[in-house]
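Visitor: structure for this input, please:
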Amino acid sequence: MKKPMRNLILILFASFLPSLLFAQFSPTDNGLTIIVTDGTNNGKNSQIQPPSDVNLQDPIRPLGMTDAIQAGAFLERPQYGITGFILIFCVNDSIGGQQGTLNIKGQIINGVYRLIRQKMTVNEAIPEGMTPFRLAGTVYFLGIS
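Guide: A predicted model of the protein is given here:
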């Protein structure tokens, strides 16, 4: 394939890419909805369990679009974190003008690794050495410590 034609195809693909990503991370009236798939529509048929005495009292808050607590931001993927914090990769973010990279199936994506957790309450104080963070844009959830 000639180089100009290949560039045209890449430009067209890049133009449609945001619409594909929007389907994965959709802002709603109830916050951010994150859709995760392994590429199949396989389902599970769980066995009926007897009722438990677990007391479900804590309100379920929407993900994102609210303030979170950030324990750290990194250009290289960290191997360790703090219990309860989620490792995310924020696409196109930078630290001091520099970006890290994330390799997804051979595609290199630029951005910043962040270790965050959602605040437990709106008034929760930010612990010393940590900063507030607002989840927005395209984000990859990579793991939890």
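Visitor: for stretch 80-92, what is the average pLDDT?
Guide: For stretch 80-92, mean pLDDT is 93.
Visitor: now the end-to-end length of that stretch.
Guide: Stretch 80-92 has an end-to-end distance of 23 Å (C-alpha to C-alpha, to the nearest Å).
Visitor: what about the closest residue to residue 112 other than its chain neighbours, neighbour count?
Guide: Nearest residue to residue 112 in three dimensions, chain neighbours excluded: residue 93, at 4.0 Å (C-beta to C-beta, 6 or more residues apart in numbering). Yep, even glycine has a C-beta here, placed from its N, CA and C like the rest. Neighbour count of residue 93, defined by other C-beta atoms under 10 Å: 18.
Visitor: residue 133 now?
Guide: By other C-beta under 10 Å, the residues close to residue 133 number 21.
Visitor: on the three-state scheme, it is what?
Guide: For residue 133, the assignment made with DSSP: H, G, I helix; E, B strand; the rest coil gives strand.
Visitor: isn't it right up against residue 72?
Guide: No. Contact criterion C-beta atoms under 8 Å: residue 133 and residue 72 do not qualify, at 10.4 Å.
Visitor: can you pull the residues that touch both of those two?
Guide: Counting by C-beta atoms under 8 Å, 6 or more residues apart in numbering, the common neighbours of residue 133 and residue 72 are residue 114.
Visitor: quick one on the thing from earlier: surely the residue nearest to residue 112 meets residue 113?
Guide: No. When contacts are counted by C-beta under 8 Å, residue 93 is not listed as touching residue 113 (9.3 Å).
Visitor: who's in contact with residue 68?
Guide: By C-beta under 8 Å, 6+ apart, the contact list for residue 68 reads 116, 117, 118, 119, 132, 133, 134, 135.
Visitor: distance to residue 78 and pLDDT added to the residues you listed, as CSV?
Guide: Formatted as CSV, the contacts of residue 68 follow (distance: C-beta to C-beta, whole Å; pLDDT from 0 to 100):
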residue, distance to residue 78, pLDDT
116, 12, 94
117, 15, 92
118, 19, 87
119, 21, 87
132, 20, 93
133, 16, 92
134, 21, 88
135, 18, 83
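Visitor: many thanks, I have nothing further to ask.
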